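> Here's my sequence, what's the structure:
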Amino acid sequence: MGRVSEVKEKEFLKNVIENKVMQKERIRERIINQGHKKEVLPMKKKFTIAASIVLVFVIVFATYAYVDAKEYKEAVLFLNEIGIQEGMLSRSETKKVYKDIKSGNFDEPVTNAVLTKVAENYGLNIENQKAEEIYASIRTYNMLTYTKKILSEDVLNIEKGMTYKEIIDLLGETKDIGTVDEHTLMYVVDGTKLLYLKFSDEDDVCELSGKELLDTLVNAVQDQKDKNTFKATVISKGKNHVFLSCPTYELFDSIYLMIDDKTEIVFEDGTKATVDDIEGEVIATFTGGIRESYPPQSNAKKIVIIR
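Predicted coordinates for the structure are as follows:
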């Protein structure tokens, strides 16, 4: 009886131990599986969040780049009209000067420096002037001498049958070198060619399309080796002066050059000439100083008559 009880007790203990081991394995396997699931879900969430952050960053960066490019283009166009050419300033300085002038503050040192340089290039007297006063002098000078610079693409936008008023609205205001009875608007196209629009009244209709107008452009390339030398067309002359048109020249588009005994007048081959010989196309060199007037005035150093 005791033997039988002992055997049954051993079997019972064996069963208990085996069952506990099996339960432990099942429990371990369930924990491992649960842990694996907990790791997978957060990784997916992390990937989604990371992708969203990258997408937001790309959108923000693209928007900033677009706004920045647009602002820089506006700044370049604005500054070009007062003689501050692209390249004179860095990209950040260009935007800084543009904002400073547009806001009317004129408190950036770079603004005063570049305005002073432009005024000196024009030959303007700006002694003891503040930045805003220098800017006003430059604007006045440009209003009197400025010929609008446009691109071929701008001309192509002109449609046959448009009135000249509509064309002016499209291309912008420019210098009129015509007479009382007939207007002659002059535009510089692509920096090297001239477009002339002749009409009696702004309501007159232009019979040419933009493409046809491009065929009428006049070549006017400048040789900028010497900043005081430019190619021009003689508009009129007197005994001691000559009035020249030079719309593709960077400092002014017309000028009165005073002629004296020191002025050298020659033909293109070097033969000596006189004031009476000056006509047509010339290459003129002035002494450097430009008087603040309209049209601007300076002294002629040399005039080469192109035959």
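> tell me the domain boundaries of the protein?
As given by automatic domain parsing, the domain ranges for the chain are 14-145, 149-216, 229-305.
> Now the terminal residues of the shortest one, how far apart.
To tie it back to what came earlier, the one meant is domain 149-216. End-to-end distance of domain 149-216: 16 Å, with C-alpha to C-alpha, to the nearest Å as the criterion.
> now swap in stretch 203-215 and tell me
In stretch 203-215, first residue to last residue: 23 Å (C-alpha to C-alpha).
> Could you give the average pLDDT over that stretch?
Computed over stretch 203-215, the mean pLDDT rounds to 96.
> Let me have the domains of the chain in CSV, adding mean neighbour count and distance to residue 223 as columns.
In short, each C-beta sits where N, CA and C put it, glycine included. Converted to CSV, the domains of the chain look like this (neighbours: other C-beta atoms under 10 Å; distance: least, C-beta to C-beta, whole Å):
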stretch, mean neighbour count, distance to residue 223
domain 14-145, 13, 17
domain 149-216, 15, 11
domain 229-305, 17, 7
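> thinking residue 148 is in contact with residue 167, fair?
No. Using C-beta atoms under 8 Å, residue 148 is not in contact with residue 167; the gap is 11.7 Å.
> any chance you could map the strands in the stretch 151-300 of the chain?
Listed in chain order, the strands of the stretch 151-300 of the chain (DSSP state E, counting those that start in this stretch) span 183-189, 193-199, 218-219, 229-237, 241-245, 254-258, 264-267, 281-286, 297-305.
> Could you tell me the least trusted of those strands?
strand 218-219 (a mean of 80).
> Tell me which strands that one pairs with, and in which orientation.
Sheet pairing of strand 218-219 (DSSP bridges) gives strand 193-199 (antiparallel).
> what does the partner strand contact?
150, 155, 164, 167, 178, 182-189, 206, 213, 216-220, 247-248 (C-beta atoms under 8 Å, 6 or more residues apart in numbering).
> what do you get if the cut-off is 6 Å, keeping everything else the same?
With contacts defined as C-beta atoms under 6 Å, 6 or more residues apart in numbering, strand 193-199 is touched by 164, 183-187, 189, 217-220.
> repeat for stretch 243-257
Here stretch 243-257 makes contact (C-beta under 6 Å, 6+ apart) with 145, 147, 186, 188, 220, 222, 230, 232-233, 235-236, 241-242, 286, 295-297, 300.
> Does residue 121 belong to a helix, a strand or coil?
helix (DSSP: H, G, I helix; E, B strand; the rest coil).
> picking up where we left off before, dump the strands of the stretch 151-300 of the chain to CSV, plus distance to residue 171.
Shown next, in CSV, are these (distance: least, C-beta to C-beta, whole Å):
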stretch, distance to residue 171
strand 183-189, 6
strand 193-199, 9
strand 218-219, 16
strand 229-237, 22
strand 241-245, 19
strand 254-258, 19
strand 264-267, 37
strand 281-286, 26
strand 297-305, 29
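> The ones you listed: which one's closest to residue 116?
strand 297-305 (19.9 Å; C-beta to C-beta).
> Which neighbouring elements make contact with the closest one?
Contact analysis of strand 297-305 by 3 or more C-beta pairs under 6 Å, 6 or more residues apart in numbering; DSSP states H and E lists strand 254-258, strand 264-267, strand 281-286 as its packing neighbours.
> distance of residue 195 from residue 174?
For residue 195, the distance to residue 174 (C-beta to C-beta, to the nearest Å) stands at 9 Å.
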